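S.K.: Give me the fold of what follows.
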Amino acid sequence: MKVLLLFVLWGILFVLCWPVALLTLVLFPLVWLLSLPFRLLGLTVGALFALLQALLFLPARLLGWRSQRSRAW
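M.R.: Numbers count the residues shown, from 1 in each chain. As a prediction, this is how the structure comes out:
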């Protein structure tokens, strides 16, 4: 559904201003390639924070602490 909506919006842009529509077709792969390092950086930072959280909560988990959500079950 998202691809169909994108195609319809691109078609409207093509009818209204075809040079801009063609420019988007050329620039979209370049923008996607430029955004890849930032996605990898975000993934790495997220993994680092998850590791820090696991290390900080490890003593509490070893001592048997449970959150309020898990006590309801």
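S.K.: distance between stretch 12-24 and the chain's centre?
M.R.: 27 Å (Cα atoms, centre = their mean, to the nearest Å).
S.K.: Identify the residue nearest the geometric centre of this structure.
M.R.: Nearest to the mean C-alpha position of the chain, by Cα atoms, centre = their mean, lies residue 39 at 7.2 Å.
S.K.: Where does the prediction get shaky in the protein?
M.R.: Confidence mapping of the chain against pLDDT under 70 gives the ranges 67-73.
S.K.: Recalculate using a threshold of 50.
M.R.: The chain contains no residues with pLDDT under 50.
S.K.: tell me the residue furthest from the middle of it?
M.R.: Per Cα atoms, centre = their mean, the most distant residue from the centre of the chain is residue 63 (35.0 Å).
S.K.: Next, that residue: phi, psi?
M.R.: Per-residue torsions, residue 63: phi -80, psi 0 (degrees, to the nearest 10).
S.K.: ranges for the helices of this structure?
M.R.: 2-16, 18-62, 68-71 (DSSP state H).
S.K.: packing partners for the longest one?
M.R.: Using 3 or more Cβ pairs under 8 Å, 6 or more residues apart in numbering; DSSP states H and E as the contact definition, the elements that helix 18-62 packs against are helix 2-16. In this view, the C-beta of every residue, glycine as well, is placed from N, C-alpha and C.
S.K.: got the angle between the helix it packs on and helix 18-62?
M.R.: Angle, helix 2-16 to helix 18-62, by axes from the mean of the first three to the mean of the last three Cα atoms, to 10 degrees: 150 degrees.
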